[in-house]
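Enquirer: sequence? don't have it. structure:
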């Protein structure tokens, strides 16, 4: 089935809720490096993946340590923005019976596929990944 | 279009589509003009088996979703480490169907 507005909103909403549960679950343990890890790549190879450490980054942000959060993983900032903005945007869209988020999502997909945006994004991500491995998350 | 030609197309490309789409594709092709045959021949479809292999190997990084053209979902998967590993496992089962859906969308677009 092709991606429809309601399906995308349900998916994003569920994702945000799951994200909040995950944050509550990890609220007190974020500074313990030996905690459980769900990362498939890290469990198999021992090398952190590009987004390893983003839970710790978001938790650090919740506890009010911005610099620590960026040092854990800058992706945490992106995820924090998404998890706050998306549910609000979805609720506004549902209340007004619009599909501005769905339109935005589709436009963002087209933009991201262009080479001039994709290549810098991939470069940044790989640089972040190398930094992650160097930090030994 | 010739029924023989259409059946040949269905036979060679059947694995790229969901079974319930095949009837629809066949009917649509039978109504088509013969001049569309060359367009149809040049279409390239993505193999569901390939995307399953990519999903198993690179699913946590969202590479499977990027490959079939779901850039937004790919980014989501990449940033969340494959949805904490859960989404990556769910996608082992969904990705073949998703690839077939993409192929169906592609053939629909080409034949309009």
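Expert: Cool, got the structure. Just so it is clear, the structure is predicted and the values come from calculations on it, not from any experiment.
Enquirer: every contact and neighbour count from this point should use C-alpha atoms.
Expert: Fine.
Enquirer: close to chain A, is the longest helix seen in chain B?
Expert: When chain B is parsed with DSSP state H, its longest helix is helix B:86-111. Yes: on the criterion Cα under 8 Å from any Cα of the partner chain, helix B:86-111 is in touch with chain A at B:98, B:101.
Enquirer: how about that helix: buried residues?
Expert: Applying a neighbour-count criterion of 16 or more other Cα atoms under 10 Å in any protein chain shown, one finds B:87-89, B:91-92, B:95-104, B:107 buried in helix B:86-111.
Enquirer: point out where chain A drops to low pLDDT.
Expert: Along chain A, segments meeting pLDDT under 70 span A:1-2, A:30-36.
Enquirer: what parts of chain A come near chain B?
Expert: Close to chain B, as judged by Cα under 8 Å from any Cα, chain A has residues A:1-2, A:38-41, A:49-52, A:75, A:79, A:105-106, A:108-109, A:112-113.
Enquirer: drop anything exposed from these.
Expert: A:39-41, A:49-52, A:75, A:79, A:105, A:109, A:112.
Enquirer: nearest to residue A:9, of these?
Expert: Nearest to residue A:9 among those, counting by Cα to Cα, is residue A:105 at 10.6 Å.
Enquirer: who in chain B is up against chain A?
Expert: Residues of chain B lying close to chain A by Cα under 8 Å from any Cα are B:60, B:70-72, B:78-81, B:84-85, B:98, B:101.
Enquirer: now with 6 Å, please.
Expert: By Cα under 6 Å from any Cα of the partner chain, the residues of chain B that approach chain A are B:71-72, B:79, B:81, B:84.
Enquirer: could I get the residues you listed as CSV with neighbour count?
Expert: What follows is the residues of chain B next to chain A, written out as CSV (neighbours: other Cα atoms under 10 Å in any protein chain shown):
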residue, neighbour count
B:71, 23
B:72, 20
B:79, 24
B:81, 26
B:84, 21
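Enquirer: and these, which two are furthest apart?
Expert: Most distant of these, by Cα to Cα, are B:71 and B:84, 18.5 Å apart.
Enquirer: can you mark which positions in the one helix or strand residue A:121 maps to are buried?
Expert: For residue A:121, the element it lies in under DSSP states H and E is helix A:115-135. Of the residues in helix A:115-135, A:125, A:128-129, A:131-133 count as buried by neighbour count, 16+ other Cα under 10 Å.
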